[in-house]
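Engineer: Below is the sequence, then the predicted model.
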Amino acid sequence: MSQWWRDAVIYQVYPRSFADTNGDGIGDLAGIRDRMGYLSQLGIDAIWLSPFYTSPMKDGGYDVADFRDVDPMFGTLADFDALVAAAHAKGIKVIVDIVPNHSSSDHAWFSAALAAGPGSPERARYHFRDGTDGPPNNWQSYFGGGAWRRLPDGQWYLHMFDDSQPDLNWDNPEVRDYFLGTLRFWLDRGADGFRVDVAHGLVKAPGLPDAEEEAAPSESAPAPYRDQDGVHEIYRDWRRVLDSYDGDRMAVAEAWVDSPEHRSRYVRADELHQAFNFDLLQAGFSATDFRKVIDAELATSGTVGAPATWVLSNHDRKRHATRYGGGAVGLDRARAASLLMLALPGSSYLYQGEELGLFEYEDLPDSARQDPVWERSGHTDPGRDGCRVPLPWKATGPSLGFGSAPGWLPQPAGFAELSVETQDGTPGSTLGLYRAALRLRRRHRPATLTWNPPAGPDVLSFANGALTCVTNFGTTPVAVDGEVLLSSRPLADGRLPANATAWLSA
Ligand code: NOJ
C-alpha cells in the first residue's frame, strides 16, 4: 500500500508495561509478539515501540547505552526480528523509537569522554564546557534543576533531561554519521519507520547563549536549545536514507515547537513524514478547544502536503480519561474524544490501554515512583509513572495477566474491571467501541472534513466522506439525524446524550 502512514492508526506500545513473558515483572518483546493477535483484532495499522534498547533505565529507556542492541530485560535482537515477522504476517507495520538528542551516561562514548579529558575528540561528541564561576549558561533541564553537571576535572556537560542523559553534539560529523548508520541498522532489520525523540532539540544555537527564560523551560517557547533552523538539514539527510529503502518507510517527529506553522517545517516534502500534533493532548474537553485545534492542524499540515496527526494520550501525559475529570464522566468524555479523533482525516496515535479506558494511577505510592521527574522536581511533580502502569489482561492474578509475577509498578484497584478479559465480548465495553470504530474506519477511510452547522455551542458535527461525526460536549442531549453506525453512549429517542460522540451515515 502506498503511503500507508497517511491515514494509519498507530498504537504506541510501552514495552516495559505491555506483557511480561518471563515473570521478571518487566514487559518484553516476546510479550508483544505473543499479543499480535490482540493487536490485529483491535484493527490498528502499525505499532510504535517505545525504546527497548540497552539502557540503565534512568528514564524508562530514553537513556540509551547502545542504540543498536536490545536490553536483556526486553529480550534479544532475535526477539526483535521475531516480533517484526509476527507483525508483518498480520499486516501490521513496526515503528521504532530513535533517541538522537542524548545518550545514556552509560554509553561507551560518554565513558570514553570522561576518561579522555578536556579538549579531547571524545568530549567533542557531547557539549563539554569550562566554567569556573558556575555553569556555562542559564539553561534549565526539562526534568527540573540546572541543565549542566560539573565533573571533578572542572568541566561541565550539558543534559537537557536527567544528568544521566548527556546531550550529543550534532555539530560533530561523527554523531551525524553514527545515527545515519543506526537508521540503516533498524531499517535493515525490517523497521517500517521511526519515532524521533526530541526532534526539535538536536541543534543548539552557536555559542550556547543564555536563554531568555531562566525558569524551567516551557515545552515549546522559542529557546536557543529548541527548533533551531539547523535541525532541518539533519532530517533531509535522514529522508534520503529512508527513501533509499523500499516499502514506504517513514518517520514521525516529536517536535515541541511554538506553532503549527513551525511544526509543519519538520514535514516538508524532503524531511520527515509526520510530526505529532500534541494540541488535542493539551486541549480541554470543549467544542471550542477541539474545533480550534482541528482547524489549525488541517490548515497547516495541508500547506506542506503532510497528513494531520492526532494524539489524546501517550507515555508522558496524564491519561485522557483522568484529564477529563476521571470516574464515569471522565471515561464517557474519553470515549467521546477518541471516537471523534478516529473520524478525523489523517493519522491517529493510540496509547496502550486507552482502548480499555484505563485511567491514570494518581495515587501510586511515592515509594514506587521511578520517573526521574519525581526526584529532580524535589517531589513537587509526581512524574509520568501513573500512565505507565502494566496493562491488565485478566481480572485476576499477581499482575492481572501482565505476567506471572507482580509488575514493576503496582496496578490500582479498578484495573481488574477494565481488563481485556473482562471487556472482551462485553456489550458497551470500551474495547468493543475501539474495535468497532477501527473496523468502520477501515471501511470509510476518512480523508476530508466538512463542518456542519453547529446544533449548539457545545456540539461539533462534521462530515467525512460517507460518515458524519457528532460530538456533544455539553450537558443536555441533542437530536441527531441519520442512521447511527456507532456511538460512545447509547442514544435515547434519537438524542445524543452529554459527553458522547456518534458516527452516523451521512
Ligand atoms: C520524550 C519522551 O517521550 C520522554 O519520555 C523522554 O523522557 C524525553 N523525550 C527524553 O528522551
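Structural biologist: Cool, the structure landed. Numbers count the residues shown, from 1 in each chain.
Engineer: Pull up the residues of the stretch 201-350 of the chain that are close to the ligand.
Structural biologist: Residues of the stretch 201-350 of the chain lying close to the ligand (Cβ under 6 Å from any ligand atom) are 254, 315-316. Glycine gets a C-beta too; all of them are placed from N, C-alpha and C.
Engineer: Most neighbours among those, please name it.
Structural biologist: For those, the largest number of neighbours (other Cβ atoms under 10 Å) sits with Glu254, at 20 neighbours.
Engineer: hang on, isn't Arg6 packed against Ser347?
Structural biologist: Yes: using Cβ atoms under 8 Å, Arg6 is in contact with Ser347, at 6.7 Å.
Engineer: After the lowest-mean-pLDDT helix or strand in the chain, which helix or strand is next?
Structural biologist: In the chain, no helix or strand scores lower on mean pLDDT, DSSP states H and E than helix 260-264, which sits at a mean of 91. From helix 260-264 onward toward the C-terminus, using DSSP states H and E, the following helix or strand is strand 274-275.
Engineer: Pairing partners for that following strand, with directions?
Structural biologist: strand 250-253 (parallel) (DSSP bridges).
Engineer: can you list contacts of the partner strand?
Structural biologist: 5, 10, 48, 95, 192-196, 199-200, 235, 238-239, 242, 266-267, 272-276, 309 (Cβ atoms under 8 Å, 6 or more residues apart in numbering).
Engineer: For this structure, which residues are neighbours of the ligand?
Structural biologist: 59, 62, 99, 161, 197-198, 254, 315-316.
Engineer: Same list (these) but as CSV, adding pLDDT.
Structural biologist: Output for these, formatted as CSV (pLDDT from 0 to 100):
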residue, pLDDT
Asp59, 98
Tyr62, 98
Val99, 98
Phe161, 97
Asp197, 98
Val198, 98
Glu254, 97
His315, 98
Asp316, 98
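Engineer: which one of those residues is nearest the ligand?
Structural biologist: Tyr62 (3.4 Å; Cβ to the nearest ligand atom).
Engineer: Next, that closest one: secondary structure please.
Structural biologist: coil (DSSP: H, G, I helix; E, B strand; the rest coil).
Engineer: Please name the residues that touch it.
Structural biologist: 50-51, 97, 99, 161, 165, 197.
Engineer: export the residues of the stretch 201-350 of the chain next to the ligand to CSV and tack on distance to Leu438 and secondary structure?
Structural biologist: Listed next are those as CSV, based on distance: Cβ to Cβ, whole Å; DSSP: H, G, I helix; E, B strand; the rest coil:
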residue, distance to Leu438, secondary structure
Glu254, 24, coil
His315, 21, coil
Asp316, 24, coil
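Engineer: Name the nearest of the residues you listed relative to Val70.
Structural biologist: Using Cβ to Cβ, His315 comes nearest to Val70 of those, at 18.7 Å.
Engineer: Quick check: the closest one touching Tyr351?
Structural biologist: Yes: assessed by Cβ under 8 Å, His315 is found in contact with Tyr351 at 6.7 Å.
Engineer: returning to that earlier point: pick the one among the contacts of Tyr62 closest to Ser419.
Structural biologist: Closest approach to Ser419 among the contacts of Tyr62 (Cβ to Cβ): Ser50, at 21.8 Å.
Engineer: do you know how far the closest one is from Val389?
Structural biologist: 14 Å (Cβ to Cβ, to the nearest Å).
Engineer: cool, Val94 as well?
Structural biologist: Taking Cβ to Cβ, one finds Val94 at 24 Å from Val389.
Engineer: same thing with Gly146?
Structural biologist: 31 Å.
Engineer: and the two? which has more neighbours close in?
Structural biologist: Comparing Gly146 with Val389 by other Cβ under 10 Å, the one with more neighbours is Val389, at 26 against 16.
Engineer: before we move on, what SS does the more buried one have?
Structural biologist: coil.
Engineer: if I read this right, it contacts Glu362, doesn't it?
Structural biologist: No: assessed by Cβ under 8 Å, Val389 is found out of contact with Glu362, at 10.8 Å.
Engineer: Skip the chain neighbours and tell me the closest residue to Leu83.
Structural biologist: Distances taken as Cβ to Cβ, 6 or more residues apart in numbering place Arg33 nearest to Leu83, at 4.4 Å, with adjacent residues excluded.
Engineer: Can you give me the buried ones in stretch 229-236?
Structural biologist: Buried positions in stretch 229-236, judged by neighbour count with 16 or more other Cβ atoms under 10 Å: 231-232, 234-235.
Engineer: Hmm, I typed the wrong one, I wanted stretch 18-36.
Structural biologist: Buried residues in stretch 18-36 (16+ other Cβ under 10 Å): 18-21, 25-33, 35-36.
Engineer: what do you get for stretch 427-447?
Structural biologist: Residues of stretch 427-447 classed as buried: 429-438, 440-441, 444, 446 (neighbour count, 16+ other Cβ under 10 Å).
Engineer: Kindly reformat those as CSV and extend each row with distance to Ala116 and pLDDT.
Structural biologist: Output for the buried residues of stretch 427-447, formatted as CSV (distance: Cβ to Cβ, whole Å; pLDDT from 0 to 100):
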residue, distance to Ala116, pLDDT
Ser429, 58, 98
Thr430, 54, 98
Leu431, 54, 98
Gly432, 58, 98
Leu433, 57, 98
Tyr434, 52, 98
Arg435, 55, 98
Ala436, 59, 98
Ala437, 55, 98
Leu438, 52, 98
Leu440, 59, 96
Arg441, 54, 95
His444, 59, 86
Pro446, 54, 75
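Engineer: re the thing from before, report the set of residues contacting both of His315 and Tyr351.
Structural biologist: Counting by Cβ under 8 Å, 6+ apart, the residues touching both His315 and Tyr351 are 12, 14, 387.
Engineer: quick one: pLDDT of the last one?
Structural biologist: In the prediction, the pLDDT value recorded for Cys387 is 98.
Engineer: ok, it to Arg189 distance?
Structural biologist: 29 Å.
Engineer: Just the helices from this structure, written as ranges.
Structural biologist: 29-34, 36-42, 77-89, 108-116, 173-188, 231-243, 260-264, 279-282, 287-303, 320-323, 327-343, 372-376, 420-423, 430-444 (DSSP state H).
Engineer: Next, the contact list for Pro135, please.
Structural biologist: Going by Cβ under 8 Å, 6+ apart, the list of residues near Pro135 reads 146-148, 150, 156.
Engineer: Buried only: go through these for me.
Structural biologist: 146-148, 156.
Engineer: Now do the residue nearest the centre of the chain against Glu354, distance only.
Structural biologist: By Cα atoms, centre = their mean, the chain has its centre lying nearest to Asn314, at 4.6 Å. Distance, Asn314 to Glu354, by Cβ to Cβ: 9 Å.
Engineer: Give me the common contacts of the two.
Structural biologist: Joint contacts of Asn314 and Glu354 (Cβ under 8 Å, 6+ apart) do not exist.
Engineer: Excluding chain neighbours, what is closest to Leu202?
Structural biologist: Nearest residue to Leu202, sequence neighbours excluded (Cβ to Cβ, 6+ apart): Trp170, at 4.5 Å.
Engineer: in the stretch 351-500 of the chain, what residue is nearest the ligand?
Structural biologist: Arg384 (6.9 Å).
Engineer: Apart from its chain neighbours, what residue comes closest to that residue?
Structural biologist: Here the residue nearest Arg384, using Cβ to Cβ, 6+ apart, is Asp371, at 4.9 Å.
Engineer: ok, the closest residue to Val267 other than its chain neighbours to the ligand distance?
Structural biologist: Excluding its sequence neighbours, the residue lying closest to Val267 (Cβ to Cβ, 6+ apart) is Ala306, at 3.6 Å. Per Cβ to the nearest ligand atom, to the nearest Å, Ala306 is found 21 Å from the ligand.
Engineer: cool, Gly119 as well?
Structural biologist: The separation that Gly119 has from the ligand, given Cβ to the nearest ligand atom, amounts to 28 Å.
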